[in-house]
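Q: I would like to see how this sequence folds:
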Amino acid sequence: MTAFPTDATTNQAVIAPRKKGRRPNSAGLAVWRAIRGNGKAMAGAILLLIFLIAAIFPNLFTPVTKPNDRAYALSLPPSPDHLLGTTSFGQDIWSQLVWGTRETLIVAVVAGALASILSVFIGVAAAYLGGAADNVLSLLIDVFLVIPAFPLIIVIAAYANGGNLWVIIGVLVVTGWSYGARQLRAQALSLRRRDFLESARVRGENWLYVVVFEMLPTMISLIAANFLGAALYAVLTAAGLQFIGLGSPSSVSWGTMLHWAQSAEALQTGQQWWIIAPGLCIALLGAAFALLNYAFDEISNPALRPVRRNRRNRDGQ
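A: Numbering: from 1, shown residues only. Here you go, the predicted structure:
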C-alpha cells in the first residue's frame, strides 16, 4: 500500500503540484493532430490554405486590381502576359479567377457558418427540451428535409431578384440547415441523460450552461463536419445560381465567370480556359472541404484510428 507524504503541522496528505509544461490537450491540438496524421485531410488543408491566401492577398498572384475592366485585346490565347488568355470582352481570365476566390469563399464561410449555427440551435434545442417542443422542431426539420432544395432556391432567388450576394447567402442558409440539425439532434439525444450532464443539473446549473458548456463541447467534431458540409453545399449551389444568371452580373466570382463564358460560347470560340479554370477551382475547393472531413470523422469516431494503426503495423511486419 502506497503511503502519501504528510504535512507535519496538519497531518494532512500533501498533493504534489502538477508539473508546469504539461497541459491538457486542447481542441485545436486534437484537430491539428488529426489533420497531420491523415494524408487526405492534410491535402484538403493545404488546398484550402492556398485559396485563403488568394482571397486575402490577390495582389500576390496578379497585378490587376480591377479584373472586370475591358482593358485588353479580345480573345487572346494564353501567354506570359495573360496566363489564361482574355475573354471576348477584353478581360484577363487569370485576374478574374484570382479575385473571384474572395467572393466564393465569403459565400462558403458565411453561409456555412450561419447554417451550422441554425442547425445547432434547432437540433440541440429539440433534443434537450423534448416533449412538444421536440415534436414541433422535428416536424420543421422534416419539412425542410423533404422539400426539393434547388427548385426552392431558384424560386426564392428569382423572387428576390437575385443579384444581391446576401440574398444568395440567405437562401443558402434557409435551405441548408436541416440535414445538420437532424444529425445534431440525434447526437444530443444520446448525450441528454449522460452522467456528466446529470451532475451539472444536480449542481444547480441552468439549462443554458448545461447546453453551452457541457453538451456542445462534446459535439465539436460533428459541428465542424456539418460546417464543412454546409460550406461545400454553399459553394456548389451558389455557383449553380450564378451560372444560370441569378447572381449579380457585375460581381467577380467563379460562378459569374461560368455564366459569362457560357453566354459568350467560350467552348465554341476556342476560349476553353474561360470555362475550365473556374470549374476546376470550384471542384478543388469542394474537394478541400470534403477531404478535411476525414480529420473530423477521425475525431468523432475513434474506431477509425486503431484500424489505421493496425494496418500500418501489419504492413511493417
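Q: start to end distance for stretch 244-261?
A: 12 Å (C-alpha to C-alpha, to the nearest Å).
Q: residues contacting Thr175?
A: Contacts here follow C-beta atoms under 8 Å, 6 or more residues apart in numbering; on that basis Thr175 touches 144, 147, 149, 152-153, 156, 237. All C-beta spots, glycine's among them, are computed from the backbone N, C-alpha and C.
Q: give me the neighbour count for Cys281.
A: Around Cys281 sit 21 other residues, with neighbours defined as other C-beta atoms under 10 Å.
Q: and the pLDDT for it?
A: In the predicted model, Cys281 carries a pLDDT score of 94.
Q: over to the one 3 residues further on?
A: Each residue has a pLDDT score; the one for Leu284 is 94.
Q: about what we covered before: buried ones among the contacts of Thr175?
A: When those are checked for burial by 16 or more other C-beta atoms under 10 Å, the buried set is 144, 149, 153, 156, 237.
Q: quick revisit: just name the closest of the contacts of Thr175 to Ile46, please.
A: Minimum distance to Ile46 across the contacts of Thr175 is 24.9 Å, recorded for Thr237 (C-beta to C-beta).
Q: which SSE is the closest one in?
A: Assignment of secondary structure by DSSP states H and E places Thr237 within helix 220-243.
Q: list the buried ones in that helix?
A: Using 16+ other C-beta under 10 Å as the burial criterion, the residues of helix 220-243 that qualify are 221-243.
Q: show me what it is packed against.
A: In this structure, helix 220-243 makes packing contacts with helix 93-129, helix 149-159, helix 165-176, helix 178-191, helix 254-263, helix 273-300, judged by 3 or more C-beta pairs under 8 Å, 6 or more residues apart in numbering; DSSP states H and E.
Q: name the residues of the fifth one that are buried.
A: Under the neighbour-count criterion of 16+ other C-beta under 10 Å, helix 254-263 has 254-261 buried.
Q: so for Pro78, which of the helices and strands packed on helix 220-243 sits nearest?
A: Minimum separation from Pro78 across the helices and strands packed on helix 220-243 (C-beta to C-beta) falls at helix 273-300, 6.5 Å.
Q: the closest one: how far from the chain's middle?
A: Mean C-alpha position of helix 273-300 versus that of the full chain (C-alpha atoms, centre = their mean, to the nearest Å) differs by 10 Å.
Q: stretch 145-163 too?
A: Using C-alpha atoms, centre = their mean, the mean C-alpha position of stretch 145-163 is found 21 Å from that of the whole chain.
Q: what are the contacting residues of it?
A: Counting by C-beta under 8 Å, 6+ apart, the neighbours of stretch 145-163 from elsewhere in the structure are 167-168, 171-172, 174-176, 178-179, 182, 237, 240-241, 244-249.
Q: which stretches of the chain have low pLDDT?
A: Counting by pLDDT under 70, the chain shows low-confidence ranges at 1-28, 30-31, 34, 160-163, 297-317.
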